[in-house]
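> I would like the atomic coordinates for the input below:
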Amino acid sequence: MLKMQKLLVISMVALLLISFSFAVAAQEINIGLIPMTLSNEYFIALINGAEQRAELYDVELTVQGPQTHADALAQLEQMENMISRGVDAIVIVPSSSEALAPALLKAEEAGIPVINLDTKFNQETLANAGVSPIPFIGTDNYVGALDAGKLALELLDGEGQVAILEGISGQQNTYDRKNGFIDGMENKLDVVATQTADWEVEKGYNAAQNIMQANPELDLIFGSNDGMAIGAYRAILEAGKEDEIFVIGYDAVPAALESVKEGELYATIAQFPAEMGKRGIDAAMQIINGEQIALKDSESTVTTPITQENVEAMMNYLDNYID
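Residues are numbered from 1 along each chain as shown. Next comes the predicted model:
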């Protein structure tokens with residue numbers, strides 16, 4: 001009898017919670033989503049994951065984003081536009097902490113919660129601008145890059161020359177991926193060059209050309225994202241060094257997975273941006289529904305190395321989120 005009463009109480013509570021969620025959703029909730037760029041399949045997967053979750057909640061999702069990774073001005077304008085429209089929450093992958101601080105302060109003053117995905121805001125910079133701490137959902141990029149460094153160490157049998165293509169200067173992701181990769185190598189490989197390529201394919205291509213010319217004995221390039229890695233491989237191919245220089249990427253976007261499958265890139269480190277997108281919408285809905293958000297300062301999603309051994313499984317997974 002007691003078990004039955006407990007079951008009835010639990011069922012009633014669950015029904016009340018579901019009813020409350022949909023009652024709030026029925027008020028035409030609009031959540032704004034601003035990825036770092038709209039021209040990268042990684043962020044397309046994040047958007048599609050968020051859209052699937054928004055559809056489940058029956059809320060509107062407004063997506064805006066720049067065409068390039070480093071366009072903080074465009075993101076600032078898009079945030080201000082969403083604030084003016086009175087969205088109920090903003091979920092953002094920022095390209096800059098300092099440049100976006102004024103809009104974040106406006107959102108806070110307007111009572112619009114912000115959820116930070118993938119690339120962490122610098123909380124000290126925000127605090128200096130008067131912005132309260134912002135919950136973060138993303139990958140532990142240091143751990144992911146640590147795996148990339150271990151792969152490089154194993155691949156080169158503990159000795160050789162490597163170069164690192166870095167992302168946008170000042171971003172935490174950039175530092176974490178560089179430092180994780182270096183630590184994963186255990187100081188046994190010789191880092192002969194590091195060069196910023198802003199997460200972009202063409203910049204990765206140009207940087208790799210320069211690095212190869214200056215370092216004819218180069219053995220491996222770590223592209224801190226797949227775009228830069230793909231650009232680097234193109235430069236290597238044009239130089240006729242595809243049998244001499246290995247490339248490891250980061251993100252596991254479809255183009256990189258295809259390259260791994262074909263034996264071009266040696267590996268990439270998979271993130272799961274669709275899960276970030278889903279959890280970003282979950283967190284926004286928690287706050288909108290008046291719930292306490294149960295997120296730590298750094299709520300991490302997993303990473304995993306992808307080589308030819310497991311690339312098919314990752315490709316099948318991504319088919320759910322990228323056309």
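> pLDDT weak spots in the stretch 201-323 of the chain?
By pLDDT under 70, the weakly predicted segments of the stretch 201-323 of the chain are 294-299.
> please read the previous query as pertaining to the stretch 51-200 of the chain.
In the stretch 51-200 of the chain there are no weaker segments when pLDDT under 70 is taken as the threshold.
> helices along that one, start to end?
Using DSSP state H, counting those that start in this stretch, the helices found in the stretch 51-200 of the chain span residues 72-85, 101-109, 123-128, 141-155, 172-184.
> can I get these in TSV including mean neighbour count?
Glycine gets a C-beta too; all of them are placed from N, C-alpha and C. Shown next, in TSV, are the helices of the stretch 51-200 of the chain (neighbours: other Cβ atoms under 10 Å):
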stretch	mean neighbour count
helix 72-85	18
helix 101-109	18
helix 123-128	14
helix 141-155	21
helix 172-184	21
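> these: which one's closest to Asn289?
helix 101-109 (18.3 Å; Cβ to Cβ).
> how far out from the middle of the chain is that closest one?
Put simply, helix 101-109 sits 23 Å off its chain's centre (Cα atoms, centre = their mean, to the nearest Å).
> and the contacts of that helix?
The contact list for helix 101-109 (Cβ atoms under 8 Å, 6 or more residues apart in numbering) reads 76, 79-80, 83, 90, 113-114, 121, 125-126, 129-132, 134.
> how about Phe222, phi and psi?
Main-chain dihedrals, Phe222, degrees, to the nearest 10: phi -100, psi 110.
> tell me who's in contact with it.
By Cβ under 8 Å, 6+ apart, the contact set of Phe222 is 145, 148-149, 152, 162-165, 181, 229, 247-248, 250.
> Thr301 now?
Contacts for Thr301 (Cβ under 8 Å, 6+ apart) come out as 137-139, 271-272, 275-276, 279.
> possible to save these as TSV with distance to Lys106 and neighbour count?
TSV is the format used below for the contacts of Thr301 (distance: Cβ to Cβ, whole Å; neighbours: other Cβ atoms under 10 Å):
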residue	distance to Lys106	neighbour count
Ile137	22	24
Gly138	23	22
Thr139	28	29
Gln271	30	25
Phe272	31	22
Glu275	29	18
Met276	24	24
Arg279	25	22
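> hey, where'd the helices end up in the stretch 201-323 of the chain?
Using DSSP H, counting those that start in this stretch, the helices of the stretch 201-323 of the chain run over 201-214, 226-238, 254-261, 273-288, 311-318.
> re earlier: what's the closest of the helices of the stretch 51-200 of the chain to Asn206?
Nearest to Asn206 among those is helix 172-184 (17.7 Å), distances taken as Cβ to Cβ.
> using PDB, write out every CA atom in the closest one.
C-alpha atoms of helix 172-184 as PDB (Å, rounded to 0.1, in the frame of the first residue of the first chain):
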ATOM      1  CA  GLN A 172      40.800  29.800 -23.600                       C
ATOM      2  CA  ASN A 173      40.300  27.000 -26.200                       C
ATOM      3  CA  THR A 174      43.400  28.100 -28.000                       C
ATOM      4  CA  TYR A 175      45.600  27.900 -24.800                       C
ATOM      5  CA  ASP A 176      44.000  24.700 -23.600                       C
ATOM      6  CA  ARG A 177      44.500  22.800 -26.900                       C
ATOM      7  CA  LYS A 178      48.100  24.000 -27.300                       C
ATOM      8  CA  ASN A 179      49.100  23.200 -23.700                       C
ATOM      9  CA  GLY A 180      47.300  19.900 -23.600                       C
ATOM     10  CA  PHE A 181      49.000  18.800 -26.800                       C
ATOM     11  CA  ILE A 182      52.400  19.800 -25.500                       C
ATOM     12  CA  ASP A 183      51.900  18.000 -22.200                       C
ATOM     13  CA  GLY A 184      50.600  14.900 -24.000                       C
END
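> out of the contacts of Thr301, the closest to Arg53 would be?
Nearest to Arg53 out of these is Arg279 (Cβ to Cβ; 8.2 Å).
> separation between that closest one and Glu200?
Note on Arg279: its distance to Glu200, by Cβ to Cβ, to the nearest Å, is 27 Å.
> ok, Ile92 next?
Taking Cβ to Cβ as the measure, Ile92 falls 20 Å from Glu200.
> who's more crowded, the two?
Ile92 (28 against 23; other Cβ atoms under 10 Å).
> who does that one bridge with?
Beta-bridge partners for Ile92, by DSSP bridges, are Ile34, Asn116.
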